[in-house]
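In: Below is the sequence, then the predicted model.
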Amino acid sequence: GAGVSQSPRYKVAKRGQDVALRCDPISGHVSLFWYQQALGQGPEFLTYFQNEAQLDKSGLPSDRFFAERPEGSVSTLKIQRTQQEDSAVYLCASRALGGGSYNEQFFGPGTRLTVL
Amino acid sequence: GENVEQHPSTLSVQEGDSAVIKCTYSDSASNYFPWYKQELGKRPQLIIDIRSNVGEKKDQRIAVTLNKTAKHFSLHITETQPEDSAVYFCAAPNQAGTALIFGKGTTLSVSS
């Protein structure tokens, strides 16, 4: 079946612009994660959804970052007033079961954001 | 807070040799340890994982060992092939169990 998909794959923004990144998880997956991966680094956790509930947003670096998953499927990560340090690959992952279960997270291909 | 340390950061081996990557974690309550492989420009993909009720797990040329007392776990790749060249990440759950904490990655280069 289809894996996790993300759009756009590449986004170039001018400093100060707002951007919206979309994630389509595997159908039926309960858990959805957003990670930020800087060049040469491992993915760093941003936020976690269980169905439509955002249960953990402790990794969001500032109040310019906002994520939602209103119907418990598709999720959007929004970054307001982008800054150069926001340049990174934003990875979405989904997992079949809810929190506290340790099963495979399936990653999407990522959105590479470049802020000029 | 939770932390995952990974070594080495780069590893170069000849085709057919073995490769070992080591990780340590800080949260003694952690009980799930996955390893992901990420090729250049691609998504991370799970290659093997281990839960704390076992000490070792093997899948063909790949094995993972876990020492809960020392809070270490390692990835072993035998008979390496050029297609094993990639960045490998270890990970462990955060304390809340809501996400994975990743190591900084090991760039493995296998030369033929």
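Out: Nice, thanks for sending it over. What you see is a predicted model, and the numbers here were worked out from it, not measured in a lab. Numbering: from 1, shown residues only, chains lettered A, B, ... in the order given.

In: What parts of chain B come near chain A?
Out: B:6, B:31-32, B:34, B:36, B:42-46, B:49, B:51, B:89, B:91, B:93-94, B:96-105 (CB under 8 Å from any CB of the partner chain). Bear in mind the C-beta positions are built from the backbone N, C-alpha and C, glycine included.

In: Weed out the non-buried ones from those.
Out: B:6, B:31-32, B:34, B:36, B:43-44, B:49, B:89, B:91, B:93-94, B:97-103, B:105 (16 or more other CB atoms under 10 Å in any protein chain shown).

In: which stretches of chain A form strands?
Out: Here chain A has its strands, by DSSP state E, at A:5-7, A:10-13, A:19-24, A:31-37, A:44-50, A:53-56, A:65-68, A:75-79, A:88-95, A:106-107, A:111-115.

In: I'd like to know which of those is closest to residue B:13.
Out: strand A:31-37 (25.1 Å; CB to CB).

In: how distant is the closest one from the center of its chain?
Out: 4 Å (CA atoms, centre = their mean, to the nearest Å).

In: which neighbours does it have in its sheet, and in what orientation?
Out: strand A:44-50 (antiparallel), strand A:88-95 (antiparallel) (DSSP bridges).

In: centroid residue for chain A?
Out: Centroid-nearest residue in chain A: residue A:34, 3.1 Å away (criterion: CA atoms, centre = their mean).
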